[in-house]
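> Turn this into a structure:
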Amino acid sequence: MSLSRLKRIESYSSPILLVIFVQLFLLFASVPTSVFAQARPKKATLITLWVPQAQFAGYYVAIDKGIYLKHGIDLKILRSGAGYNTFQTLKNGQADFAVLWLVTALKERSAGSKLVNISQTVQRSSMMLISKKTSGINRLEDMKGKKIGLWEGDLAIPARTLFTKYGINFREVRQSQTVNLFLRGGIDVASAMWYNEYHVVLNSGIDADQLNTIFLDKLGMKFPEDGIYTMEKTLKSDPELVDEFAKASLEGWRYAFDHPDEALDIVMKYMHRDEVPANRSHQRWMLLRIKDLMMTNGEPGRFGILQKDDYDAVCKVMFREGLIKHYTEYSNFFKGTHAGK
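Presented below is the predicted three-dimensional model:
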């Protein structure tokens, strides 16, 4: 090919390349920066009600399996447990999301804090009152005048409400995080969660047929417990983050229930990391009971949904007992959009 012909080709191609370059530059310049930002996960924080355990397996599984990252979230679970106030951590902006009981959320909402429920995980109360058959306590009425262990704070609300409803006067004893006082005979009746303290008592050497148990929800105390909450201002400022967090969390729970052994491995890892005493058999029991409490007849029909009837019922009870001064409409409180799916 002659030199003159090469020069002619070059003279034609240079303007074409320049035009292509300018068009590409204008194309990328017109793309919103949010598109590129999506490649960078948003940092977010969650605080649970207690130390790592299978009660919160879904969140730890969602971190370990990359589910939060898949939904564009770089999540950190903050330390919790004795000495930590879960709601205050959320309110003060130290956490973006928190696991709270419904009774706590309603109290704080009534007091002026604008928090919202984005997913109701535990659908019903798992609280029990347990006594030894040798105590002669066979029914609720037998608890009159007895020493009954109650936890401090909002965890005692369902039991106190029950006793008020049935006119039971009793001797209240502050119950710690262990069941030692009950095992040693220091109290006649202990508060227990079905997924936790009840199993601890069974593991202590007391057989189930040596105990009398009363489930509070069987006596009308239908108080849903663990739910995922955020502040209203967080929902308004970044609805996408809130939406994706709720979706990822429920996905983490589904994975945990479908892969229980792997979920237990993950939970145990975090328990060891935080130097929490870990018993795999107990954590397995906890995971299975939490599944029972989150699912309805084994199906995800109510999965993640705060039922309006449950919300209204708890609001009315707490209002009647003077625990809250007012309550908002259900639609203002529950903001879950992907629950049940």
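
> got the residue ranges for the strands in the stretch 151-300 of the chain?
171-174, 189-193, 211-215, 226-231 (DSSP state E, counting those that start in this stretch).

> Columns distance to Tyr68 and mean neighbour count on top of those, output as JSON lines?
Placement of C-beta: from N, CA and C, glycine included. Shown next, in JSON lines, are these (distance: least, CB to CB, whole Å; neighbours: other CB atoms under 10 Å):
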{"stretch": "strand 171-174", "distance to Tyr68": "38", "mean neighbour count": "14"}
{"stretch": "strand 189-193", "distance to Tyr68": "27", "mean neighbour count": "24"}
{"stretch": "strand 211-215", "distance to Tyr68": "34", "mean neighbour count": "17"}
{"stretch": "strand 226-231", "distance to Tyr68": "13", "mean neighbour count": "24"}
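
> Now render the ones you listed as TSV, adding distance to Leu49 and mean pLDDT.
Output for those, formatted as TSV (distance: least, CB to CB, whole Å; pLDDT from 0 to 100):
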stretch	distance to Leu49	mean pLDDT
strand 171-174	19	96
strand 189-193	11	98
strand 211-215	20	97
strand 226-231	7	98
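
> Please tabulate the ones you listed in TSV, including the columns distance to Ile324.
Listed next are the strands of the stretch 151-300 of the chain as TSV, based on distance: least, CB to CB, whole Å:
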stretch	distance to Ile324
strand 171-174	22
strand 189-193	22
strand 211-215	24
strand 226-231	16
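
> for the ones you listed, which one sits closest to Lys43?
strand 226-231 (14.7 Å; CB to CB).

> Pull the closest one out as CSV, backbone CA atoms only.
Only the C-alpha atoms of strand 226-231 are listed here, as CSV (Å, rounded to 0.1, in the frame of the first residue of the first chain):
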residue,chain,number,x,y,z
ASP,A,226,-39.2,-9.9,68.2
GLY,A,227,-39.6,-7.6,65.3
ILE,A,228,-37.2,-5.5,63.2
TYR,A,229,-37.5,-1.7,63.7
THR,A,230,-36.0,1.5,62.3
MET,A,231,-36.6,5.2,63.0
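
> which strands and helices sit next to it?
helix 86-91, strand 97-101, helix 102-110, strand 115-120, helix 239-258 (3 or more CB pairs under 8 Å, 6 or more residues apart in numbering; DSSP states H and E).

> just the angle between the shortest one and strand 226-231, please?
It stands for strand 97-101. Relative orientation of strand 97-101 and strand 226-231, computed by axes from the mean of the first three to the mean of the last three CA atoms, to 10 degrees: 130 degrees.

> hmm, back to that, looking at the strands of the stretch 151-300 of the chain, spot the one closest to Leu155.
Judging those by CB to CB, what sits closest to Leu155 is strand 189-193, at 7.5 Å.

> elements contacting the closest one?
strand 127-132, strand 147-150, helix 180-183, helix 197-203.

> Packing partners of the first one?
On a contact count with 3+ CB pairs under 8 Å, 6+ apart, strand 127-132 meets helix 157-165, strand 189-193, helix 197-203, strand 211-215.

> run the last query once more with 6 Å
Counting by 3 or more CB pairs under 6 Å, 6 or more residues apart in numbering; DSSP states H and E, the packing neighbours recorded for strand 127-132 are strand 189-193, strand 211-215.

> neighbouring strands for the last one, and are they parallel or not?
Applying DSSP bridges to the sheet, strand 211-215 is found paired with strand 127-132 (antiparallel).

> picking up where we left off before, Throw the helices and strands packed on strand 226-231 into CSV and include mean pLDDT and distance to Cys315, thanks.
As requested, the helices and strands packed on strand 226-231 are exported to CSV (pLDDT from 0 to 100; distance: least, CB to CB, whole Å):
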stretch, mean pLDDT, distance to Cys315
helix 86-91, 97, 18
strand 97-101, 98, 14
helix 102-110, 98, 6
strand 115-120, 98, 12
helix 239-258, 97, 22
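
> that older thread, any chance of the helices and strands packed on strand 127-132 in CSV with distance to His199 as columns?
Listed next are these as CSV, based on distance: least, CB to CB, whole Å:
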stretch, distance to His199
strand 189-193, 9
strand 211-215, 12
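
> hmm, back to that, out of the helices and strands packed on strand 226-231, nearest to Tyr198?
When the helices and strands packed on strand 226-231 are ranked by proximity to Tyr198 (CB to CB), strand 97-101 comes first, at 18.0 Å.
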